[in-house]
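Colleague: Model the following, please.
(2 chains)
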Amino acid sequence: ETGVTQSPTHLIKTRGQQVTLRCSSQSGHNTVSWYQQALGQGPQFIFQYYREEENGRGNFPPRFSGLQFPNYSSELNVNALELDDSALYLCASSPGVGAGGYTFGSGTRLTVV
Amino acid sequence: DAKTTQPNSMESNEEEPVHLPCNHSTISGTDYIHWYRQLPSQGPEYVIHGLTSNVNNRMASLAIAEDRKSSTLILHRATLRDAAVYYCILRDVGGSQGNLIFGKGTKLSVKP
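Modeller: Numbering: from 1, shown residues only, chains lettered A, B, ... in the order given. Prediction:
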């Protein structure tokens, strides 16, 4: 059983650019959530996808968008990057909404300069 | 989701038990109590969850107060690998969204 895989592991972008982060969910999991974790803080919920539809969103602006594919993998896109977007971006999958525990990936460390 | 309160940090000695407390005085009847931990340079890892009764698994035990306003995560014999930030989270079992609301958690240090 493979876990959650995220790519890339590290990324450096310039302010104003766009970025796409990718996540492969754990086998058998149809729900994917994305979180942003600033240094020294707990992860903050960005949004969740269930069966390719957005199923909830946290307090993030529309320039944060996402997709879920038929194989349940997912992308997080961030447009017009700002310096404050520098953070660890975590993807988590689960076998269903509200079902048991989530499996997290190791994250993508994004640095905006 | 209701809020939880945890100490910022705790210390333990290796091979001794650790009791990590969590207060959730505004918990509702449909809130499950979840614990996750985050080791350095890794994503959070599910530890355990429960509703009313105490729970045990291979990683830890969860003791839930009778009034459910507090709970304690118990690591029976701490190892150096248990040094992590531990998060106590409430999740509504009936909610349509499954997002987790993380606080700052408790940073556990384990001394050899």
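Colleague: Going along the chain, name the strands of chain A.
Modeller: Counting by DSSP state E, chain A has strands at residues A:5-7, A:10-13, A:19-24, A:31-37, A:44-50, A:53-57, A:64-68, A:74-78, A:87-94, A:103-104, A:108-112.
Colleague: The helix or strand bottoming out on mean pLDDT in chain A vs strand A:44-50, what angle?
Modeller: Across the helices and strands of chain A, mean pLDDT, DSSP states H and E gives its lowest value to strand A:53-57, namely a mean of 90. If you take axes from the mean of the first three to the mean of the last three CA atoms, to 10 degrees, strand A:53-57 sits at 150 degrees to strand A:44-50.
Colleague: Kindly provide the distance from the most centrally placed residue in chain A to chain B.
Modeller: Nearest to the geometric centre of chain A sits residue A:34, at 3.1 Å (CA atoms, centre = their mean). Distance of residue A:34 to chain B, computed by CB to the nearest CB, to the nearest Å: 10 Å. Backbone N, C-alpha and C define where each C-beta goes, glycine included.
Colleague: Pull up the gap between the residue lying closest to that residue once chain neighbours are set aside and residue A:21, please.
Modeller: Nearest residue to residue A:34, sequence neighbours excluded (CB to CB, 6 or more residues apart in numbering or on different chains): residue A:46, at 4.3 Å. Computed as CB to CB, to the nearest Å, the residue A:46 to residue A:21 distance reads 11 Å.
Colleague: Distance of residue A:50 relative to chain B?
Modeller: Residue A:50 is 8 Å from chain B, by CB to the nearest CB.
Colleague: one step back: what about the residue nearest to residue A:34, how many neighbours?
Modeller: 23 (other CB atoms under 10 Å in any protein chain shown).
Colleague: for residue B:68, same thing?
Modeller: Residue B:68, neighbours per other CB under 10 Å, totals 17.
Colleague: So which residues of chain B form strands?
Modeller: B:9-13, B:18-23, B:31-38, B:45-50, B:55-56, B:61-64, B:70-75, B:84-92, B:106-111.
Colleague: on that earlier part again, spit out the residues that contact residue A:46 and residue A:21 alike.
Modeller: residue A:76 (CB atoms under 8 Å, 6 or more residues apart in numbering or on different chains).
Colleague: Give me the distance between the two termini of stretch B:21-29.
Modeller: 20 Å (CA to CA, to the nearest Å).
Colleague: and if you look at stretch B:45-59?
Modeller: Span of stretch B:45-59 from end to end, CA to CA: 11 Å.
Colleague: What lies in contact with that stretch?
Modeller: Residues beyond stretch B:45-59 that count as contacts (CB under 8 Å, 6+ apart) turn out to be A:100-104, B:32-39, B:60-64, B:68, B:71, B:73, B:75, B:86, B:91, B:93.
Colleague: And it, what's buried?
Modeller: B:45, B:46, B:47, B:48, B:49, B:50, B:55 (16 or more other CB atoms under 10 Å in any protein chain shown).
Colleague: quick one: low-confidence ranges for the chain?
Modeller: Let's take chain A. The model of chain A has pLDDT under 70 over residues A:1, A:97-100.
Colleague: Actually, chain B is the one I wanted.
Modeller: B:1-2, B:93-98.
Colleague: what do you get if the cut-off is 50, keeping everything else the same?
Modeller: For chain B, applying pLDDT under 50 flags no range at all.
Colleague: Wait, residue A:83 touches residue A:112, no?
Modeller: Yes - using CB atoms under 8 Å, residue A:83 makes contact with residue A:112 at a distance of 5.3 Å.
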